[in-house]
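Visitor: here is my input; please provide its structure:
(one chain, ligands or ions: 1)
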Amino acid sequence: MSGMGDRRSISLTEGLTEMESDLSKVYAAIAKGAMRIARELPFRVGMTSSVNPSGETQAELDVFANDLFAHSLIDTGVVSEVASEEMETPMTAKSPSPRMLSVAMDPLDGSSNITTNNPLGSIFGIWRGKLPQPGRAQVAAAFVTYGPTLSLTLTRGKEVDQYIEVREGAHKDQFVRAHRAMRLPEKAEVYGIGGDRAAWTPEVKKFVEKLEARKMRLRYGGTFIGDFNQVLKRGGIFAYPMLQNKPDGKLRILYETAPISLITEYAGGTATDGRGPLLDLKPTKLAQTSPFFVGNRSLLDELRRDLSTPGSA
Ligand code: FBP
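Guide: Numbers count the residues shown, from 1 in each chain. Here you go, the predicted model:
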């Protein structure tokens, strides 16, 4: 298939045969739900009157995606609990067991972009046993991008593959592998830093000014997954840092940053909360947030040196 990085186009169904059985069932449920949500996007653009555990007003699509993924993951029969950014408490299976998988998800990332037709995402961290757990304990992770193309990026062992939904040809309306064993490019091209610039700490501000002086390209679209995708493909850094008015940042460890940190490490990059590896954090609450920086190892090593010398600004 032209334009696809992978030499031999294989469907997700074939790709899942290389995976452990329970995980392949979870990935198949995510793929099916993603296709359904992609078709619902034009019709579910309103807001509800309810708020999520982080106090954010829920969009219709937040609730629709949450319910669709939560039920279909439990219905696989191999998932004991689904924790979600949109639910106060996890949805659990009738007969949960510590040997079964647990999924933490952000079912619809980038809700503020629903009416502007910007990229949106869904993010999944997959563990065995009760949540919360450190990101390092994940058995797998995946994210969906609802963009010009519908894509599913997932871990296969300690590698990262990306599938794209194709709309013609032999695999019409199926996910086909476009990239196998993805690696972050050596050259760091783009950067995207969240939060109000006026609220950045002096050390973060100084670090960003260095990136700007190197003529790195600013890419910040307001959907974590949309912005992260650009770092995965072009190299660079995405961050939602500690802010003077929000010292623990905004993005949730279990639902958003631990899954993306696992994927990034498997693709040769790294992620941190500014002090140590993001994956080594030990969250005690399901919706716990932390400062978050992700991208090329060389850039993040430089950042951690800058952050560890306060007042260096
Ligand atoms: P949700 O939409 O799932 O709550 O995700 C939070 C988020 O929209 C991220 O996708 C994005 O990176 C960030 O918030 C944007 O925050 P801000 O509007 O403060 O720049």
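Visitor: for stretch 292-304, what is the distance to the chain centroid?
Guide: In terms of CA atoms, centre = their mean, to the nearest Å, the centre of stretch 292-304 is set 17 Å apart from its chain centre.
Visitor: would that stretch count as contacting the ligand?
Guide: No - Stretch 292-304 is not in contact with the ligand by CB under 6 Å from any ligand atom; minimum separation 9.3 Å. Every C-beta, even on glycine, is put in place using the N, C-alpha and C of the backbone.
Visitor: then that stretch to PDB, C-alphas only?
Guide: What follows is stretch 292-304, C-alpha atoms only, in PDB (Å, rounded to 0.1, in the frame of the first residue of the first chain):
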ATOM      1  CA  PHE A 292       4.800  15.500  32.400                       C
ATOM      2  CA  PHE A 293       7.500  15.700  29.800                       C
ATOM      3  CA  VAL A 294       8.000  13.200  27.000                       C
ATOM      4  CA  GLY A 295      10.200  12.900  23.900                       C
ATOM      5  CA  ASN A 296      13.800  12.300  22.800                       C
ATOM      6  CA  ARG A 297      16.100  11.000  25.600                       C
ATOM      7  CA  SER A 298      18.800  13.600  24.800                       C
ATOM      8  CA  LEU A 299      16.300  16.500  25.200                       C
ATOM      9  CA  LEU A 300      14.800  15.200  28.400                       C
ATOM     10  CA  ASP A 301      18.200  14.600  29.900                       C
ATOM     11  CA  GLU A 302      19.000  18.200  29.200                       C
ATOM     12  CA  LEU A 303      15.700  19.300  30.700                       C
ATOM     13  CA  ARG A 304      16.200  17.200  33.900                       C
END
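Visitor: what comes up buried for it?
Guide: 292-296, 299-300, 303-304 (16 or more other CB atoms under 10 Å).
Visitor: list the contacts of whichever strand or helix holds residue 82.
Guide: If you go by DSSP states H and E, residue 82 is part of strand 79-84. Under the contact criterion CB atoms under 8 Å, 6 or more residues apart in numbering, strand 79-84 has outside partners 26, 66, 69-70, 73-74, 90-93, 96-98, 100-107, 130-132, 254-255, 286.
Visitor: redo that, cut-off 7 Å
Guide: Contact with strand 79-84 is made by 26, 66, 70, 73-74, 90-93, 96-97, 100-105, 107, 131, 254-255, 286, as judged by CB atoms under 7 Å, 6 or more residues apart in numbering.
Visitor: whichever helix or strand comes after it: partners in the sheet, and parallel or antiparallel?
Guide: For strand 79-84, the succeeding helix or strand toward the C-terminus, using DSSP H and E, is strand 91-92. Note on strand 91-92: by DSSP bridges, its sheet partners are strand 79-84 (antiparallel).
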